[in-house]
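Novice: sequence and predicted structure are below.
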Amino acid sequence: MINLLFALIFVEMALIVILVFKTPLRKLVIMGLDRVKRGRGPIIVKTVGGTVFVVMLSSVHNVVEIQRRWIDDGDVNPTDQILMANHLLQVSLIGFSLFLALMIDRLHHYIRELYIRRKGIEAIKKQNRIFEDGKIGGTEQLKALEEEKSTLRAKVKHLESELEAKAKEASTAEANAVAFRKQSEGFLFEYDRLLEDNQNLRNQLQSLD
């Protein structure tokens, strides 16, 4: 279970890195996420996420039960210590993987929004160029086109401000991705420490036997 969770976290981190940096793989990842969000994809994703969340709650319940057993017995069992460390690691990894999945969803949403905004700005600028070329004659039509041109310029400024805001959000998401990478390295060190404690406890159990 723990190895599977570590593999899942590494895959999620790789997807975040691909989404943050503009590479040829990003377009493929975005297309894949678009397909996942169509049809029954969202239902399946929510079902899997709910199942993983229930597993996390079950591990939390097991941790609470072990703590109650320690309080009632007044003695710390080495086997319970191993189980406690295992459940705590599972809860941490599951929570981290769910958080990374949420980050992937938000990054995908922001990238799609930026793409739509850029397309809108390009279309408006193209219309402005047509108007500036003077291909449409007539005084009344020219006045109407000038008014429409000013309106389109206002829309361009508004869209550019929104694009700048989305770009700032994307940069913030990139900074979060770097922080998540450092946090995952901390989890790896913690996992190695727990494995060493597990081995020490097993050696103590063997010596007691």
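Specialist: Alright, I've got the coordinates.

Novice: and the closest residue to Ala170 other than its chain neighbours, how far from Met1?
Specialist: Leaving out its chain neighbours, the residue that sits closest to Ala170 by Cβ to Cβ, 6 or more residues apart in numbering is Tyr110, at 5.4 Å. Any C-beta I mention is one placed from the backbone N, CA and C, and that applies to glycine too. Distance from Tyr110 to Met1, counting by Cβ to Cβ, to the nearest Å: 32 Å.

Novice: what's the answer for Leu57, then?
Specialist: Counting by Cβ to Cβ - Leu57 and Met1 are separated by 15 Å.

Novice: now Ser97
Specialist: 12 Å.

Novice: which one of those two is surrounded by more residues?
Specialist: Legend: neighbour count by other Cβ atoms under 10 Å for Ser97 and Met1, higher for Ser97 (22 against 12).

Novice: from Gly120, how far off is that one?
Specialist: Distance check for Ser97 against Gly120: by Cβ to Cβ, it reads 35 Å.

Novice: could you report the pLDDT at the residue nearest to Ala170?
Specialist: Tyr110 is assigned a predicted lDDT (pLDDT) of 85.

Novice: elements contacting the helix or strand it falls within?
Specialist: For Tyr110, the host element (DSSP states H and E) is helix 78-132. When contacts are defined as 3 or more Cβ pairs under 8 Å, 6 or more residues apart in numbering; DSSP states H and E, helix 78-132 packs onto helix 2-20, helix 24-36, helix 41-73, helix 139-208.

Novice: let's go with 6 Å and repeat that
Specialist: With contacts defined as 3 or more Cβ pairs under 6 Å, 6 or more residues apart in numbering; DSSP states H and E, the packing partners of helix 78-132 are helix 2-20, helix 41-73, helix 139-208.

Novice: where are the low-confidence patches of the chain?
Specialist: The model of the chain has pLDDT under 70 over residues 74-76, 132-140, 180, 184, 191, 198, 208-209.

Novice: give me the most central residue, it.
Specialist: Geometric centre of the chain, nearest residue: Met103, 1.7 Å, by Cα atoms, centre = their mean.
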